[in-house]
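J.: Got a sequence here, can you build the structure:
(4 chains)
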Protein chains: 2
Amino acid sequence: MTERLVSMLRASDLRVTRQRQLVWEVLQQSHEHLDAEAVHTCAKARDPNISLATVYRTLATLKEVGLVEEHRLGEEHAHFEIVPQTPHYHFTCQACGCIIEFDAPQVMQAVRELSKREDLLIQHVHLFLNGLCSQCQHQQEG
Amino acid sequence: MTERLVSMLRASDLRVTRQRQLVWEVLQQSHEHLDAEAVHTCAKARDPNISLATVYRTLATLKEVGLVEEHRLGEEHAHFEIVPQTPHYHFTCQACGCIIEFDAPQVMQAVRELSKREDLLIQHVHLFLNGLCSQCQHQQEG
DNA sequence: TAGCAAATGAGAATCATTTGCAAAAAGGAG
DNA sequence: CTCCTTTTTGCAAATGATTCTCATTTGCTA
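T.: Predicted coordinates for the structure are as follows:
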């Protein structure tokens, strides 16, 4: 599990620290999309001394190394997840905040066409939808 | 030009103020994607007293009323633009920061399929790509 | 035109994130 | 295993973006 982390860090001449492993494990064990604060909270359960600054630094590092993705799902703060095998996108319900992940091959196809047409090197593709989920649509009371 | 603003504000029982008109005109006259600071700067050229807080408030209002869209193009701060007739998406170059707008009908098609399959009410669709634009790819020097 | 609620300006406050710096820890060499 | 150099960390202060507070001003309706 942690091999992927170790090899990616080594490949970039970065040290394998307890904190980096911890953040990585937190992200692996949670299949949700955590924000930095939530990662910090989970990490503190196992290392009460880990600081929020380190969490931010680590998330940035993991992102640079290509292990983690950052999403701006609401408007507010960022959420993080381990880079998935198959790319996927996100829908967020504005009422209950639930997140639905989905894939749609047409999107990558469209991106490929654009990238060829405009000669762009595409590094990240973020598709983010919001609106109301099934449940929240059907319970319109206050 | 300003009719659209006036009717939308009236429809929501909001007042038509000098500041709201000014922000609206700034957005119309600039075909770029301005951030709040930039809108403020432009607006101050015509009303030196307009405050940044009012710009933020006005952008939020215009967004609620459906006249303006907010985008998180980089990671940092928000950019705003008048809701376009035809929906479109954004590519940002990580090197030079240029923004390319594009459309791709496949995206809306994919979104429609998802929304039907999962019974979602979709309100906003954000597709955001980043990477390197043609120019920046081909000038790899420091 | 008067009166009231909504909107503004200015600055303080808040939230998320970053940074500076001294102390702690990782990893290579001996 | 220990030493040394360099990277990381923790903490707290700094920053940047955005929001809020509140006294004052301004739209709009009667």
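J.: And the strand or helix carrying residue A:6, what's buried?
T.: Applying DSSP states H and E as the criterion places residue A:6 in helix A:3-11. Using 16 or more other CB atoms under 10 Å in any protein chain shown as the test for burial, helix A:3-11 gives A:5, A:8, A:9. C-beta: built from backbone N, CA, C; applies to glycine.
J.: same deal with stretch A:101-110?
T.: Judged by neighbour count (16+ other CB under 10 Å), stretch A:101-110 contains these buried residues: A:102, A:104, A:106, A:107, A:110.
J.: what do you get for stretch A:35-49?
T.: Neighbour counts over stretch A:35-49 (16+ other CB under 10 Å) mark A:35, A:36, A:38, A:39, A:40, A:42, A:43, A:44 as buried.
J.: Those residues in helices, which ones?
T.: A:36, A:38, A:39, A:40, A:42, A:43, A:44 (DSSP state H).
J.: Residue A:100 in helix, strand or coil?
T.: strand (DSSP: H, G, I helix; E, B strand; the rest coil).
J.: Return the per-residue confidence for residue A:76.
T.: Note on residue A:76: pLDDT of 76.
J.: can you check residue A:141 too?
T.: At residue A:141, the model reports a pLDDT of 49.
J.: what about the longest strand in chain A?
T.: Longest strand of chain A, by residue count under DSSP state E: strand A:121-132.
J.: wait, does stretch A:45-58 contact DNA strand D?
T.: Yes - judged by CB under 7 Å from any atom of the strand, stretch A:45-58 and DNA strand D are in contact via A:47, A:49, A:50, A:51, A:53, A:54, A:57, A:58.
J.: I figured residue A:92 hits residue A:128, correct?
T.: Yes - contact criterion CB atoms under 8 Å: residue A:92 and residue A:128 qualify, at 7.3 Å.
J.: Looking at these two, which is more packed in?
T.: residue A:92 (21 against 18; other CB atoms under 10 Å in any protein chain shown).
J.: The helix or strand harbouring that one: how far from the chain's middle?
T.: Residue A:92 is part of strand A:89-93 when elements are defined by DSSP H and E. Offset of strand A:89-93 from its chain centre (CA atoms, centre = their mean, to the nearest Å): 12 Å.
J.: Compute the number of surrounding residues for residue A:76.
T.: For residue A:76, using other CB under 10 Å, the count is 8.
J.: Doesn't it belong to a strand?
T.: No - using three-state DSSP, the assignment for residue A:76 is coil, not a strand.
J.: Could you tell me how far it is located from residue B:78?
T.: Distance, residue A:76 to residue B:78, by CB to CB, to the nearest Å: 11 Å.
J.: For those two, list the residues in contact with both.
T.: Contact criterion CB atoms under 8 Å, 6 or more residues apart in numbering or on different chains; no residue bridges residue A:76 and residue B:78 by contacting each.
J.: Excluding sequence neighbours, find me the nearest residue to residue A:15.
T.: Spatially, and ignoring its direct neighbours in sequence, residue A:15 is nearest to residue A:9 (7.0 Å; CB to CB, 6 or more residues apart in numbering or on different chains).
J.: Now for that neighbour: which residues touch it?
T.: Neighbour list for residue A:9: A:15, A:16, A:20, A:65 [criterion: CB under 8 Å, 6+ apart].
J.: what residues does chain A put near chain B?
T.: A:70, A:72, A:75, A:78, A:91, A:94, A:100, A:102, A:104, A:106-107, A:109-111, A:113-115, A:118-134, A:137 (CB under 8 Å from any CB of the partner chain).
J.: Only whichever of the residues you listed are buried, select them in ChimeraX.
T.: This is how ChimeraX selects the buried members of those, with burial counted by 16+ other CB under 10 Å:
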select /A:70,72,78,91,100,102,104,106,107,110,111,114,115,120,122,125,126,127,128,129,130,131,132,133
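J.: If we check DNA strand D, which of the residues of chain A next to chain B are in contact?
T.: Answer for those near DNA strand D: none qualify (CB under 7 Å from any atom of the strand).
J.: distance of the closest residue in space to residue A:11 that isn't next to it in sequence from residue A:40?
T.: Nearest residue to residue A:11, sequence neighbours excluded (CB to CB, 6+ apart): residue A:65, at 7.8 Å. Distance of residue A:65 to residue A:40, computed by CB to CB: 20 Å.
J.: Then residue A:23?
T.: Residue A:23 sits at a distance of 9 Å from residue A:40 (criterion: CB to CB).
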